[in-house]
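Undergrad: everything below, folded, please.
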Amino acid sequence: MGNHWAKNCRTPKHLCELYMESLKRNPEANMVRDPGYDGDDDDDLEDVQDHQHESDKVDHMEMKSGMDTIVVDSGTSHTILRDKRFFIHLTHKVANITTIAGTASLIEAYGHANILLPKGTNLEIEDALYSPSSNRSLLSFKDIRLNGFHIETMGEGSKEFLQIYKITQGNKKVFETIPACGTGLYYAQTSLVEANALVFADAGYLSDPHYARSQTGYVFTHGGTAISWWFMKQTMAATSSNYAEILAMHEASRESVWMRSMTQHIRPTCGMIKGKDPTTILYEDNAACIAQLKDGYIKGDRTKHILPKFFFTHELQKAGEVQVLQVRSSENSADLFTKSLPTSTFKKLIWKIGMRRLKDLR
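TA: Have a look, this model is predicted:
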C-alpha cells in the first residue's frame, strides 16, 4: 500500500490530497451537477434567492390586499386557509395534519369561511381549517360540491383546466374556469368577502362653485355588494377640502350607527349568532382628516370654525365601534358619487360595489 497512489490512481497524489482537504473545509465541494448543467453557482443561488424573495413579496401584497392564491386540490378532504380574514367566526383548536413529510400541528382553528373566486363565484365553507403557517391555501372538491356546483376537468391541446358549473333546465352554465398547475392541482386568485360592512366616504370640494357647496358621498358594502349609499350637496359652505371631508365622515358615521343597530336586530331574527358586531371599517383618502378625527376636536386657528358635533366619528373610534383607515383615492368606492373618474378607475370601482353587466352574468 506504500505505493498505492502511483500504481492504482491516475490522479496525481498532490491533487488528491488537495481534494480531500477541500472536503473537510467545504462539504459541498463534492456536489454532483446535472450533466447538462452550465452556469455559475453564485448567480444561480442569487436567482433562487431573488425568486423566493419576489414570491414572498407577492404573497405579502396579496394577503394585504385581501387576495390570495388558492390551490384547488382533489386530494384534500378539508379546505385549508391561511388568512384569518376569510373567516366569519373561528373556534381555536390546535390539530394535526398529515403531509408527505409526516404529521405536523399546522391547524390552529376552524370555522365558517367565505371566499370569492376570480369571476365572482362566492363559496361558503362551513368547516374550513385555519393554518397561518401554510405556504398555500387549499380548496377541496368536496366544499365546491357542497355549494351546489359540479366539477369537470377539461383539456384543450396541451392545456388542462377545471370547470365549475351548474346544470339549469338542462343547460350547462360555467361559472369558473381554473387552469392547472400539476396533476390534480389547479390554482386561482381568490378575493376576500368581508364578514362585516365596509364604509367608503369622500367629499368633492366645491363641486358647485356658484354656491360654494361641496358634495358628500358614501357607500356601505358587505360581501362585495353595496347595501347602502348616499350622495348629495352639502348644506353649508366648507372653507377647505379638509372641512368638506369631515362633514362627509360625519354623515357616514351617523349611518354606521344605524346600520350596526339594524344588524343587531336582524341577526337573532334570522337565527344567526348574536353578539357584538365587529368594528366597522371606515375608509377615507384624506390623511389630514383622518389625523384630526383620531385626535378629536382641537380648538385651533384652522379648526375653530368647525362645530365640535362634526367630530362625532372620534367618539365612535374611542368606543371601538368604527375604525378610520386611509385608502388610496383610486380604491375609494365613494369617488363614484363625488367626482368624474377615468374609465379604468370607474369600471374597477363599480365592480367593487357589486355592479355587473348583464352579458357578464350569462
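Undergrad: helices and strands around the longest helix seen in the chain, which ones?
TA: Taking DSSP state H as the criterion, the chain has its longest helix at helix 241-269. If you count contacts as 3 or more C-beta pairs under 8 Å, 6 or more residues apart in numbering; DSSP states H and E, helix 241-269 packs onto strand 198-208, strand 213-222, strand 225-233, strand 280-284, helix 287-295, helix 312-318, strand 322-326. Placement of C-beta: from N, CA and C, glycine included.
Undergrad: closest to Ala113 out of these?
TA: Checking these against Ala113 by C-beta to C-beta gives strand 213-222 as the closest, at 15.8 Å.
Undergrad: centre of the chain to that closest one, how far?
TA: Taking the mean of its C-alpha atoms, strand 213-222 sits 24 Å from the chain's own mean (C-alpha atoms, centre = their mean, to the nearest Å).
Undergrad: repeat that for stretch 325-343.
TA: With C-alpha atoms, centre = their mean, you get 19 Å for stretch 325-343.
Undergrad: averaged pLDDT, that stretch. What do you get?
TA: In this model, stretch 325-343 has a mean pLDDT of 91.
Undergrad: list the buried ones in the longest helix of the chain?
TA: 241-253, 255-256, 259-260 (16 or more other C-beta atoms under 10 Å).
Undergrad: from the chain's centroid, how far away is that helix?
TA: 24 Å.
Undergrad: picking that back up, can you redo the helices and strands packed on helix 241-269 as JSON lines with distance to Trp351 and mean neighbour count?
TA: Shown next, in JSON lines, are the helices and strands packed on helix 241-269 (distance: least, C-beta to C-beta, whole Å; neighbours: other C-beta atoms under 10 Å):
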{"stretch": "strand 198-208", "distance to Trp351": "14", "mean neighbour count": "23"}
{"stretch": "strand 213-222", "distance to Trp351": "11", "mean neighbour count": "23"}
{"stretch": "strand 225-233", "distance to Trp351": "11", "mean neighbour count": "15"}
{"stretch": "strand 280-284", "distance to Trp351": "16", "mean neighbour count": "23"}
{"stretch": "helix 287-295", "distance to Trp351": "26", "mean neighbour count": "17"}
{"stretch": "helix 312-318", "distance to Trp351": "28", "mean neighbour count": "18"}
{"stretch": "strand 322-326", "distance to Trp351": "21", "mean neighbour count": "17"}
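Undergrad: Throw the ones you listed into a markdown table and include distance to Lys93, thanks.
TA: Listed next are the helices and strands packed on helix 241-269 as a markdown table, based on distance: least, C-beta to C-beta, whole Å:
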| stretch | distance to Lys93 |
| --- | --- |
| strand 198-208 | 29 |
| strand 213-222 | 28 |
| strand 225-233 | 32 |
| strand 280-284 | 28 |
| helix 287-295 | 37 |
| helix 312-318 | 33 |
| strand 322-326 | 28 |
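Undergrad: and those: which comes nearest Ser340?
TA: Closest among the helices and strands packed on helix 241-269, using C-beta to C-beta: strand 198-208, at 9.4 Å.
Undergrad: how about the helices in this protein?
TA: 4-8, 13-25, 41-64, 141-146, 241-269, 287-295, 312-318, 343-352, 358-361.
Undergrad: go through this structure and flag its longest strand.
TA: Secondary structure assigned by DSSP state E gives strand 102-116 as the longest strand of the chain.
Undergrad: show the average pLDDT along that one.
TA: 74.
Undergrad: what's the span of stretch 114-124 from first residue to last?
TA: End-to-end distance for stretch 114-124, by C-alpha to C-alpha, to the nearest Å: 5 Å.
Undergrad: flag every buried residue along it.
TA: Asn114, Ile115, Leu116, Leu117, Thr121, Leu123.
Undergrad: what about that stretch, distance to the chain center?
TA: Distance, centroid of stretch 114-124 to centroid of chain: 12 Å (C-alpha atoms, centre = their mean).
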